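Engineer: Give me coordinates for this.
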Amino acid sequence: MSPFFIKTRIAIQKAVQAVRAKAYEGPRHPWTFEQIPNKVLADGISVPNPRKQAAIFVVHGMGTQHFAETAVTLRDGIEDTIDALLKKNSEADIPPPYMAEGFWANFEEFQAQFDDEWRSFNDMERTFYQKLWESRTQNGFRTYFWFLRQLLRLCTEPKIVYEVGPRRWIGYVGMLPTGFLAFTVLLIRYPGILKHILGDVRLYATPRGFIEAAIVQRIDRRVGEQFLQLLGLDWEFDHLPAHEQLQIGGKPFRFKYITWVAHSLGTVVSYNVISDLLTRCEDFRNQNKKLKAVKRVEIALHRFITIGSPLEKFALLFRGALKPWPEQYAEEFLQSDRRTWWTNFFHVWDPVSGVLRDDKLFKPYVQNFHSKVWRIPLWAHIAYWHDIPILTYVLSRLYGRDVVDAEPKFKTSTEVQALRLVSSLVALAFFVVVVWGLVFVICYPELVWDWYKALKLHI
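Structural biologist: Numbering: from 1, shown residues only. Sure thing, here's the model as predicted:
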């Protein structure tokens with residue numbers, strides 16, 4: 001055995017021994033929120049641990065979701081991120097943060113959403129409304145034709161074409177045949193995806209009738225309630241009863257700073273809920289009421305981070321689905337300490353996401369960053385959860401740069417523009433190939449049939 005191999009093996013063994021705790025020892029690193037020390041030393045003085053005052057509130061996107069599923073996915077990525085940070089600085093004090101989830105995916109369940117009404121209904125009414133809920137929220141055909149209309153609008157509606165510009169329009173044109181084929185395959189082979197996943201987008205973007213409007217309002221209300229519970233407040237900014245407050249270790253607990261992370265359609269829900277929270281704060285300030293609770297909410301809205309967000313597309317296609325933030329109040333609130341409060345991460349190969357550039361709704365408040373360049377197209381939409389630079393950024397904003405001093409570097413606008421141009425040209429080339437292929441099939445069907453028979457014989 002070579003000396004080099006022996007030295008390498010010894011080094012690996014020492015490294016493993018350094019991170020593995022003895023069986024009789026306590027955990028070297030806290031892995032639950034309760035294990036984080038309540039006090040820390042600052043300049044030799046024992047003070048409350050600021051890491052126990054901060055939490056992450058994550059709002060999931062579209063699709064069939066289970067409670068805490070998205071929070072678990074984010075924590076999974078943060079585990080790898082903290083591990084990478086500790087390898088660079090083993091003395092860093094970076095505990096895993098407390099995770100709370102803004103869960104709204106069970107809107108199809110009438111009883112779960114409208115419990116008061118459910119308890120007041122008789123058996124016939126319960127059956128009637130549950131069936132009506134399913135009819136309004138689980139319609140694959142309606143979702144299929146709705147999505148095709150939106151694809152056509154992106155490519156043909158003059159106002160939208162003007163807004164997006166020629167380069168983005170080329171990309172949308174290239175997506176048209178791909179989208180048509182994809183949605184048709186889903187309708188025929190996987191209708192459940194249209195009903196239970198993509199149907200969320202149709203419902204939230206363009207609710208039709210009183211039932212769908214009530215569902216959308218309840219989605220916003222529930223997400224807001226789950227955020228306010230972290231502060232021990234309700235929508236009236238009154239204190240929650242003790243039994244309704246967040247319980248940690250069997251005791252009511254309130255956080256001071258919340259980093260709000262939202263993905264996909266959840267960014268649209270979050271944008272609207274934050275609008276309602278800011279409007280509530282503004283109303284109470286104008287009335288000179290509940291100022292302490294208002295201040296608590298303002299402080300708690302520590303950071304807003306959106307990933308894979310379709311907000312720009314909503315601004316183009318469904319502007320009425322977005323609740324604008326109270327302009328003057330929002331500017332004063334966000335500029336109070338000159339920080340970057342809202343950060344948006346996107347990827348050119350994530351067709352859902354995009355740069356948030358609307359002058360009125362987003363641009364005054366948001367800073368846009370592109371994630372890693374090399375991602376699998378479409379799969380890029382869910383790759384953010386394990387993107388270490390993005391999650392390092394989240395931790396640095398949650399705990400502060402004095403705790404997580406790594407400052408990840410993201411792609412420049414020039415690199416992003418080049419990637420977008422290449423993607424648009426590829427999409428356009430695909431569109432041309434598909435169109436010419438269809439023309440050829442229509443003009444020379446006999447030749448195509450002969451080719452097919454010859455290929456079949458050869459196989």
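Engineer: use CA for all of it now, contacts and neighbours both
Structural biologist: OK.
Engineer: Would you quantify the distance from residue 403 to residue 106?
Structural biologist: To residue 106, residue 403 is 37 Å away according to C-alpha to C-alpha, to the nearest Å.
Engineer: Residue 112 too?
Structural biologist: 7 Å.
Engineer: Mind checking which of these two has more residues around it?
Structural biologist: residue 106 (16 against 11; other C-alpha atoms under 10 Å).
Engineer: what stretches of the stretch 201-350 of the chain score poorly on pLDDT?
Structural biologist: 335-339 (pLDDT under 70).
Engineer: and the most centrally placed residue in the chain, what are its bridge partners?
Structural biologist: Taking C-alpha atoms, centre = their mean, the centroid of the chain lies closest to residue 263, which sits 0.7 Å from it. Beta-bridge partners for residue 263, by DSSP bridges, are residue 307.
Engineer: check contacts around it.
Structural biologist: Residue 263 makes contact with 59, 60, 61, 306, 307, 308, 309, according to C-alpha atoms under 8 Å, 6 or more residues apart in numbering.
Engineer: Now, of these, which are buried?
Structural biologist: 59, 60, 61, 306, 307, 308, 309 (16 or more other C-alpha atoms under 10 Å).
Engineer: Next one: residue 236 from residue 260, what distance?
Structural biologist: When distances are taken as C-alpha to C-alpha, residue 236 and residue 260 turn out to be 21 Å apart.
Engineer: looking at it, residue 387 is touching residue 77, isn't it?
Structural biologist: Yes. If you go by C-alpha atoms under 8 Å, residue 387 and residue 77 touch, sitting 7.5 Å apart.
Engineer: Measure how buried residue 439 is and give me the count.
Structural biologist: Applying other C-alpha under 10 Å, we find 12 residues neighbouring residue 439.
Engineer: Assign a three-state SS to it, would you?
Structural biologist: With DSSP: H, G, I helix; E, B strand; the rest coil as the basis, residue 439 sits in helix.
Engineer: Let me know the pLDDT of it.
Structural biologist: Note on residue 439: pLDDT of 74.
Engineer: again with residue 113
Structural biologist: In this model, residue 113 carries a pLDDT of 84.
Engineer: Ok, residue 106 next?
Structural biologist: Reported pLDDT for residue 106: 87.
Engineer: likewise residue 419?
Structural biologist: For residue 419, the pLDDT comes out at 66.
Engineer: nearest to residue 284, of the contacts of residue 263?
Structural biologist: Within the contacts of residue 263, the smallest distance to residue 284 is 26.0 Å, found for residue 59 (C-alpha to C-alpha).
Engineer: ok but residue 357 is inside a helix, no?
Structural biologist: No. Assignment of residue 357 by three-state DSSP gives coil, placing it outside any helix.
Engineer: May I have the secondary structure class of the closest residue to it other than its chain neighbours?
Structural biologist: What sits nearest to residue 357 in space, not counting adjacent residues and going by C-alpha to C-alpha, 6 or more residues apart in numbering, is residue 363, at 5.2 Å. Recorded secondary structure, residue 363: coil (three-state DSSP).
Engineer: With residue 258 instead?
Structural biologist: strand.
Engineer: Pull the contacting residues for it.
Structural biologist: 54, 55, 56, 57, 300, 301, 302, 303, 398.
Engineer: Of these, which belong to strands?
Structural biologist: Among the contacts of residue 258, the ones falling in strands (DSSP state E) are 54, 55, 56, 57, 301, 302, 303.
Engineer: Including neighbour count, could those go into TSV?
Structural biologist: As requested, those are exported to TSV (neighbours: other C-alpha atoms under 10 Å):
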residue	neighbour count
54	21
55	25
56	25
57	21
301	20
302	20
303	21
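Engineer: Same list, those residues, but as a markdown table with distance to residue 228 please.
Structural biologist: Below are the ones in strands among the contacts of residue 258 laid out as a markdown table (distance: C-alpha to C-alpha, whole Å):
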| residue | distance to residue 228 |
| --- | --- |
| 54 | 14 |
| 55 | 13 |
| 56 | 13 |
| 57 | 10 |
| 301 | 10 |
| 302 | 13 |
| 303 | 15 |
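Engineer: now, which of those residues sits nearest residue 94?
Structural biologist: residue 54 (12.2 Å).
Engineer: about what we covered before: and the residue nearest to residue 357, how far is that from residue 30?
Structural biologist: Remark: distance between residue 363 and residue 30 (C-alpha to C-alpha) = 39 Å.
Engineer: residues in contact with the residue nearest to residue 247 when sequence neighbours are not counted?
Structural biologist: In space, and not counting its chain neighbours, residue 247 is closest to residue 253: 5.9 Å by C-alpha to C-alpha, 6+ apart. Applying C-alpha under 8 Å, 6+ apart to residue 253 gives the contacts 230, 232, 245, 246, 247.
Engineer: same thing with residue 394?
Structural biologist: Applying C-alpha under 8 Å, 6+ apart to residue 394 gives the contacts 259, 305.
Engineer: sorry, back to before: now distance to residue 274 too, for the contacts of residue 263, in JSON lines please.
Structural biologist: Below are those laid out as JSON lines (distance: C-alpha to C-alpha, whole Å):
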{"residue": "59", "distance to residue 274": "12"}
{"residue": "60", "distance to residue 274": "15"}
{"residue": "61", "distance to residue 274": "16"}
{"residue": "306", "distance to residue 274": "13"}
{"residue": "307", "distance to residue 274": "16"}
{"residue": "308", "distance to residue 274": "18"}
{"residue": "309", "distance to residue 274": "15"}
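Engineer: Quick check: residue 311 touching residue 267?
Structural biologist: Yes. Counting by C-alpha under 8 Å, residue 267 is a contact partner of residue 311 at 7.1 Å.
Engineer: Not counting sequence-adjacent ones, nearest residue to residue 63?
Structural biologist: residue 197 (3.7 Å).
Engineer: Alright, that wraps it up for me.
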